[in-house]
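S.K.: return a 3D structure for these sequence lines:
(chains A and B)
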Amino acid sequence: MNRRGIFAGLITLGMVACSPPDDPVPTPETPLLVREPANFPPLPSSSDNPATTAGVKLGRQLFYDPQLSANGKVSCASCHDPAKAFSDGVRVSALGVSGRPLLRHSPVLMNLAWATNGLFWDGGSKNLESQVLGPLTNRDEMGHDLVVLANYLKTVPAYKTQFEQAFPGEAIHYATIAKALAQFQRTLVSADSRYDQWVRKEGGVLSDEEQRGHQLYQQHCAGCHATDLFTDNQYHNNGLDLVFSDEGDGEGLGRERVKFDPADRGKYRTPTLRNVALTAPYMHDGRMDTLEDVLDHYSDRIKTSPTLDARLPAGGFRLATTDKKALLAFLNTLTDPQFVTNRAYRP
Amino acid sequence: MNFRSLSLIVSVAVLFMACTNDSSTTTPEPAGSGAVDLKIEALYGSAAFELGKAYTTAGNEKVTFDQLRFWVSKVELTKKDGSVYEVPNSYYLMQYLGKDEAIQDGTFTLTAGKREVVNLTGVPAGEYTGVKFGIGVDPKYNDNLTLAAGELNILQNMTNVSWMWHTSYIFTKLGGTVDVAGAASPFLLETGTNVNYKTISQTFATPLVVDGSMKGQMTLQADVAKVLDGIVIARDAKLNTTDKTYHINAGTASMMSKLAGNYPVSFVNAKTARISQ
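M.R.: Model (predicted):
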């Protein structure tokens, strides 16, 4: 072996020696990769908070623990029920510690690893790590004190161990609590509906009517409910109102509250259509009770205001009854029974 | 010993060193590196800024301050040759706080007092001609409240529930009371969000010499009167009828931008000195 050969060998050895041991048994530190369905866009990186087996497990435990709230009665799952694709079935929740109804409808939680263009209906939150601090502390949601919460978690031996495994060398405090919750939420992937099995040619069958509904979806809906995420992760005015109020803290202004630009007035985040049959009621304020109401809105009830999305014709798409029926049939193929029963997502 | 076995031994030694966790030893500093204080003195006009003292603003309002707080971020020192030394983890909370402030319903208390000096250590030897830093928190750290660096911490009352709907630290806070129709009304003027992150760049009249023998000192002055330039609190801030306080914050975006724009202008008179260690 020449000198170069020895060096090359040593460098390889060095890299091996510095790498974690090649161990097939998952350890708490094992990186946990988010599943990447073949029909999804590429997964954005989350290098600031890479998921590990221990981090995700801890995040799941925290997600279902009502002790994360001021009165010990409200958990994240109170408004994000896995059986309803992590939505809550009511227009606006009044389950928070104050009992006061919230100003906006609880959003669904799925495929959040791809949601990198803001969270909340107006996109005010930049990432899941920062987002979770909102509901944890908001007086009308979990209303907790982040110092009291961290002090409490330190007294629970099981949590103490789990935090040490998930975040070695870091304290139990708001940042590690938020990181664990974010890691768990990024694992919530819904990609096994009948539509997925059809589009990935895994044996799923769509009826003629459902396939016609798919064509109508592509024609009228896919502009915003784009890609197989069924959302473009953008903000649009979908013609709900003529006027958007700036009362209170400006929640009614939509994205304008965050961007400070009147061109963003009345724009809200596009929700995914996945599992939409399970996630009534609809819209950012939960004003529509059924999917039939939603289809009627896009067909005949679009209200024109200066920021109305250009994809929406004045008045609406004027869908025939048979078209609405076909669209509804297609939307029902987006229900993912495996997602809502996945034991990995349950406490 | 032939060259091959020597190189093998050296390589193996390097290999082991590369894998060693040397956190127990401090990184060796280049000869002559030293300590430098960054001091930001608050002024009002030409006199020292004082909490609890009555001032009249350029907008002819009678005001008394009870707090001035702001983040200083990403401190950079420019060498004579144009190269830049960025102080690692340089995130500091500067403050004048008049009374103890209960945080999160009183679970902990911010202690009243003045913090106007930051102690930098390990500054490489050299001759520095200027300093640059941010007022606020730069977008990378401002966009993720769980990233740790320096003194960044959301439990300092420089982030709160009303700000968490719009991920951002509160960059600056200036609070007190203002006379409105004969009565003292509280005000709280805050800035935040990435567009309002401002950088301060100051050139020293006399370069700062760091050679390890004496402690360097950079002193800047910030004129609070200039922070309020063009702002009439009772006219431009939004009165919240619940807390009866005049606010400038993310709910009054254009005034917040004006206020944020005043901070860089308020910094003047960068001076350097050498003091005994």
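
S.K.: show the contacting residues for the residue most central in space within chain A.
M.R.: In chain A, the C-alpha nearest the mean C-alpha coordinate belongs to A:Leu109, at 3.4 Å (CA atoms, centre = their mean). Applying CB atoms under 8 Å, 6 or more residues apart in numbering or on different chains, we find A:Leu109 in contact with A:80, A:85-86, A:185, A:188. The C-beta positions use only the backbone N, C-alpha and C, and glycine is treated the same way.

S.K.: now with 6 Å, please.
M.R.: The contact partners of A:Leu109, taken as CB atoms under 6 Å, 6 or more residues apart in numbering or on different chains, are A:80, A:86, A:185, A:188.

S.K.: would you confirm that the first one contacts A:Ser93?
M.R.: No: in this structure A:His80 lies outside contact range of A:Ser93 using CB atoms under 6 Å: 10.0 Å.

S.K.: next secondary structure after the lowest-mean-pLDDT helix or strand in chain B?
M.R.: Least confident element among the helices and strands of chain B, by mean pLDDT, DSSP states H and E: helix B:3-19 (a mean of 42). Toward the C-terminal end, the helix or strand that comes next after helix B:3-19 (DSSP states H and E) is strand B:34-44.

S.K.: which residues touch that next one?
M.R.: Under the criterion CB under 6 Å, 6+ apart, residues B:49, B:55, B:94, B:116-121, B:123, B:210, B:212, B:215-225 lie in contact with strand B:34-44.

S.K.: ok, so what distance separates B:Ser201 from B:Gly82?
M.R.: 14 Å (CB to CB, to the nearest Å).

S.K.: which parts of stretch A:110-126 are buried?
M.R.: For stretch A:110-126, burial by neighbour count (16 or more other CB atoms under 10 Å in any protein chain shown) applies to A:110-115, A:118-126.

S.K.: quick one: residues contacting the residue lying closest to B:Lys53 once chain neighbours are set aside.
M.R.: Nearest residue to B:Lys53, sequence neighbours excluded (CB to CB, 6 or more residues apart in numbering or on different chains): B:Thr64, at 6.7 Å. Contact analysis of B:Thr64 by CB under 6 Å, 6+ apart lists B:54, B:176-177.

S.K.: which of the residues you listed ranks first by neighbour count?
M.R.: Using other CB atoms under 10 Å in any protein chain shown as the neighbour criterion, B:Gly176 leads those with 22 neighbours.

S.K.: secondary structure element for it?
M.R.: Following DSSP H and E, the helix or strand that holds B:Gly176 is strand B:170-180.

S.K.: what sits against residue 224?
M.R.: Chain wasn't specified; assuming chain A. Shown in contact with A:Cys224 (CB under 6 Å, 6+ apart): A:232, A:236, A:270.

S.K.: wrong chain, I was asking about chain B
M.R.: Neighbours of B:Val224 in contact, by CB under 6 Å, 6+ apart: B:42, B:44, B:49.

S.K.: the last one and B:Ser266, how far apart?
M.R.: Spelled out, it's B:Phe49. Remark: distance between B:Phe49 and B:Ser266 (CB to CB) = 11 Å.
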